[in-house]
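*Asks:* sharing a sequence plus its predicted fold:
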Amino acid sequence: MKIQELQQKPKDELQKLLRDNREKLRQLSFDLASGKVKNVREIRELKKDIARILTILTNYESNRITNS
C-alpha cells in the first residue's frame, strides 16, 4: 500500500489495518517455518506496510503533542 493512500485514512482505520497486518505476518511466519509459503516477498512487503503505518501513527502523535 502506498504512503499517500495510508495518509488519507483515519487513525482508527490505520490501527485496525496495523492489527490485521501483524496477525497476517504472524501467520505467514508460521507458514514459512512449516514450508507452506511459496512467495517469501509477501513477508517483506507486509513488514514494509507495517513500518509505513507505524510512521504515520507516530506522526499523528507528534502533531497532537506539538499542537497541545
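*Replies:* Done, it's in. Numbering: from 1, shown residues only.
*Asks:* from here on, just use CA atoms for contacts and neighbour counts.
*Replies:* OK.
*Asks:* and the one helix or strand residue 53 maps to, what other elements does it pack with?
*Replies:* Taking DSSP states H and E as the definition, one finds residue 53 inside helix 41-67. Where contact means 3 or more C-alpha pairs under 8 Å, 6 or more residues apart in numbering; DSSP states H and E, helix 41-67 is packed against helix 3-7, helix 11-33.
*Asks:* mean neighbour count, mean pLDDT and distance to residue 39 added to these, as CSV?
*Replies:* Below are the helices and strands packed on helix 41-67 laid out as CSV (neighbours: other C-alpha atoms under 10 Å; pLDDT from 0 to 100; distance: least, C-alpha to C-alpha, whole Å):
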stretch, mean neighbour count, mean pLDDT, distance to residue 39
helix 3-7, 12, 91, 23
helix 11-33, 14, 96, 9
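*Asks:* using JSON lines, lay out these together with distance to residue 57.
*Replies:* Converted to JSON lines, the helices and strands packed on helix 41-67 look like this (distance: least, C-alpha to C-alpha, whole Å):
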{"stretch": "helix 3-7", "distance to residue 57": "9"}
{"stretch": "helix 11-33", "distance to residue 57": "7"}
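*Asks:* the ones you listed: which one's closest to residue 54?
*Replies:* Residue 54 lies closest, by C-alpha to C-alpha, to one member of the helices and strands packed on helix 41-67: helix 11-33, at 7.8 Å.
*Asks:* now the angle from the closest one to helix 41-67?
*Replies:* 150 degrees (axes from the mean of the first three to the mean of the last three C-alpha atoms, to 10 degrees).
*Asks:* what does helix 11-33 rub up against?
*Replies:* 6, 37, 40, 43, 46, 47, 49, 50, 53, 54, 57 (C-alpha atoms under 8 Å, 6 or more residues apart in numbering).
*Asks:* farthest-apart pair in those, please.
*Replies:* 37 and 57 (29.8 Å).
*Asks:* more neighbours: those two, which one.
*Replies:* Each of residue 37 and residue 57 has its neighbours counted (other C-alpha atoms under 10 Å); residue 57 has more, 19 against 15.
*Asks:* and the more buried one, what does it touch?
*Replies:* Applying C-alpha under 8 Å, 6+ apart, the residues near residue 57 are 11, 14.
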